[in-house]
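[1] Sequence plus predicted model, see below.
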Amino acid sequence: MQLRYSFRLYPSAGQRIGLARAFGCARVVYNDALRVRETARGEGLPFPKTGDLSKQLITEAKSRPERAWLGEVSAVVLQQSLRDLDAAYKNFFDGLKGRRPRMGAPRYKSRKDTRQAVRFTANARWSITTGQKLRLPKIGDLKVKWSRSLPSTPSTVTVVKDSAGRYFASFVVETGPDEIWPQTTPEVGIDLGLGHFAVLSDGRKIDSPRFLRRAAKRLRKAQRALSRKEKGSKNRDKVRIRVARAHARVADARREFHHQLSTRLIRENQAIAVENLAVKGLARTRLAKSVHDAGWSAFVTMLEYKAARYGRTLIRIGRFEPTSQVCSQCGFKDGPKPLHVRVWTCGACGAVLDRDINAAVNVAKAAGLAVTACGAQVRRAPVPAPRSEAGTHSTPQLPTAR
Ligand SMILES: [Zn+2]
């Protein structure tokens, strides 16, 4: 399978100029092509082909004085920019045909965009030098911070400048079957807890690290301060970069947390079941913030590719079952429970159930996993409790797993 590996880049002042030129030229070609296609669309003409655009907007344009500077950057970067436009159109058209969620038509790129990127394929003859530098055509040998080793030789590298002004090299790497881990037996269901990042069917509740929650809080404060600053002022620009850096740090820390947790879960379990949350549906509710903050879908994506990579199984179940309403012990559907009800007693079998763990067990069962449900049960009540007593307001929290 194909994976991305990202590393921080430290270009020199001269190389930064070269990269800025590459970003700029890629942007101009993208916008030129977008203009040609939109004009054709407006006039009811056939959709201009990528090959023709490449010839007209790259090869021929270089001979015109007002576009001569396109020759100063690698032609591959410009061709890849056209591919990006193709992908944007494909997504747009697929949305119109109902093959994926609807999205807007491709938009013009601006030098003020917070993320700038160029892509070099194998054709561009980029390389990693014997001195472990990244050699890019017409830019030079860039210093890379190799934070881990690449499992194989990458085919493509994308150079990105983010809103915090940092540079990254993102490599596409093919991983092989030699990475499959030995089989193991445990299987687990995961529920997106409301008070926790995740709750496992084996009874563990996992929180986001405290430093991440604190950093997110500080960031919200900084964001508010930024919105009070006058638009276009020098001071606002300074604050904007500071906020962008803080954003980048929080995003990095969150990704690291997701990586560690997903690797651990994939290592420990042969099969993992998660709910296929319609995050878009939730976005309309007040849960939205916590769902997005928790970055649940980014986490599930990691679980998915790591499962494929290491020979494990990830099962997504649809959100049809009301997992928090059904007793995981006997299957009795006990009706909706308000969010503040953390523990309830099954009206049929008398099991006392922790809301989140019970949901995680139900997720696992819906996926057909063989989980031991003991964790879901806090204790077994001797007599089924009357319906009016089913549910308590506050319960002591179980220890947090790290
Ligand atoms: Zn029951």
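    Received, thanks.

[2] And the helices in the stretch 301-402 of the chain, which stretches?
    If you assign secondary structure with DSSP state H, counting those that start in this stretch, the helices in the stretch 301-402 of the chain sit at 355-366.

[3] The ion contacts on that one?
    Taking CB under 5 Å from the ion as the test, the list of the stretch 301-402 of the chain residues beside the ion reads 327, 329, 330, 332, 346, 348, 349, 351. For glycine as for every other residue, the C-beta is placed from the backbone atoms N, C-alpha and C.

[4] what about the residue nearest to the fourth one when sequence neighbours are not counted, how many residues close to it?
    The shortest distance from residue 332 to any residue that is not its chain neighbour, by CB to CB, 6 or more residues apart in numbering, is 3.6 Å, and that residue is residue 348. Here the neighbour count serves as a burial measure; for residue 348 (other CB atoms under 10 Å) it reads 14.

[5] for residue 184, same thing?
    Around residue 184 sit 13 other residues, with neighbours defined as other CB under 10 Å.

[6] where's it relative to the ion, distance?
    30 Å (CB to the ion, to the nearest Å).

[7] Which pLDDT value goes with that residue?
    The confidence metric pLDDT takes the value 91 at residue 184.

[8] Now do the contacts for it.
    Residues near residue 184 by CB atoms under 8 Å, 6 or more residues apart in numbering: 268, 269, 270.

[9] can you list the residues of this protein near the ion?
    With CB under 5 Å from the ion as the criterion, the chain comes near the ion at residues 327, 329, 330, 332, 346, 348, 349, 351.

[10] pLDDT wise, what is residue 83 at?
    Predicted confidence (pLDDT) for residue 83: 95.

[11] any idea how far the ion is from it?
    For residue 83, the distance to the ion under the criterion CB to the ion works out to 55 Å.

[12] so who does the most centrally placed residue in the chain touch?
    Residue closest to the average C-alpha location in the chain (CA atoms, centre = their mean): residue 298, at 3.6 Å. Applying CB under 8 Å, 6+ apart to residue 298 gives the contacts 255, 258.

[13] I'd guess it is in a helix, am I close?
    Yes: note on residue 298: a helix contains this position according to DSSP: H, G, I helix; E, B strand; the rest coil.

[14] I figured residue 168 was touching residue 147, is that so?
    No: the criterion here is CB atoms under 8 Å, and residue 168 misses it with residue 147 at 11.0 Å.

[15] Show me whatever sits in contact with both of those two.
    Common contacts of residue 168 and residue 147 (CB under 8 Å, 6+ apart): 7, 8.

[16] Between those two, which has more neighbouring residues?
    It is residue 168, of residue 168 and residue 147, that has more neighbours when counted by other CB under 10 Å, with 16 against 9.

[17] so that one sits in a strand?
    Yes: counting by three-state DSSP, residue 168 is found in a strand.

[18] Export the contacts of residue 184 as JSON lines, with columns for secondary structure and neighbour count.
    Rendered in JSON lines, the data for those read as follows (DSSP: H, G, I helix; E, B strand; the rest coil; neighbours: other CB atoms under 10 Å):
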{"residue": "268", "secondary structure": "helix", "neighbour count": "14"}
{"residue": "269", "secondary structure": "coil", "neighbour count": "24"}
{"residue": "270", "secondary structure": "coil", "neighbour count": "17"}
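
[19] could you pull out the strands for the stretch 151-300 of the chain?
    Applying DSSP state E, counting those that start in this stretch to the stretch 151-300 of the chain gives strands spanning 156-161, 167-174, 187-191, 198-200, 205-206, 271-275.

[20] what's the closest of the ones you listed to residue 66?
    For residue 66, the closest of these is strand 156-161, at 25.6 Å, according to CB to CB.

[21] Could you list the paired strands of the closest one along with their orientation?
    Based on DSSP bridges, the pairing partners of strand 156-161 within the sheet are strand 116-120 (antiparallel), strand 167-174 (antiparallel).

[22] before we move on, back to that, any chance of the strands of the stretch 151-300 of the chain in CSV, with distance to residue 316 and mean pLDDT too?
    Below are the strands of the stretch 151-300 of the chain laid out as CSV (distance: least, CB to CB, whole Å; pLDDT from 0 to 100):
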stretch, distance to residue 316, mean pLDDT
strand 156-161, 28, 95
strand 167-174, 25, 92
strand 187-191, 11, 92
strand 198-200, 15, 91
strand 205-206, 19, 91
strand 271-275, 6, 92
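
[23] Indicate which one of those strands is closest to residue 242.
    In terms of CB to CB, the element of the strands of the stretch 151-300 of the chain nearest to residue 242 is strand 156-161, at 17.4 Å.

[24] on that earlier part again, highest average neighbour count across the strands paired with strand 156-161?
    strand 116-120 (a mean of 22; mean count of other CB atoms under 10 Å).

[25] So which of the residues of the chain next to the ion are in strands?
    residue 351 (DSSP state E).

[26] Run through the residues that contact residue 47.
    With the criterion set at CB under 8 Å, 6+ apart, residue 47 makes contact with 37, 40, 41.

[27] host element of it?
    Using DSSP states H and E, no element contains residue 47; it sits outside every helix and strand.

[28] For residue 355, see how far away it is.
    Applying CB to CB, to the nearest Å, one obtains 53 Å for the distance of residue 47 from residue 355.

[29] ok, now residue 237?
    Using CB to CB, we find residue 237 at a distance of 47 Å from residue 355.

[30] Give me the more crowded residue out of these two.
    It is residue 355, of residue 237 and residue 355, that has more neighbours when counted by other CB under 10 Å, with 25 against 11.
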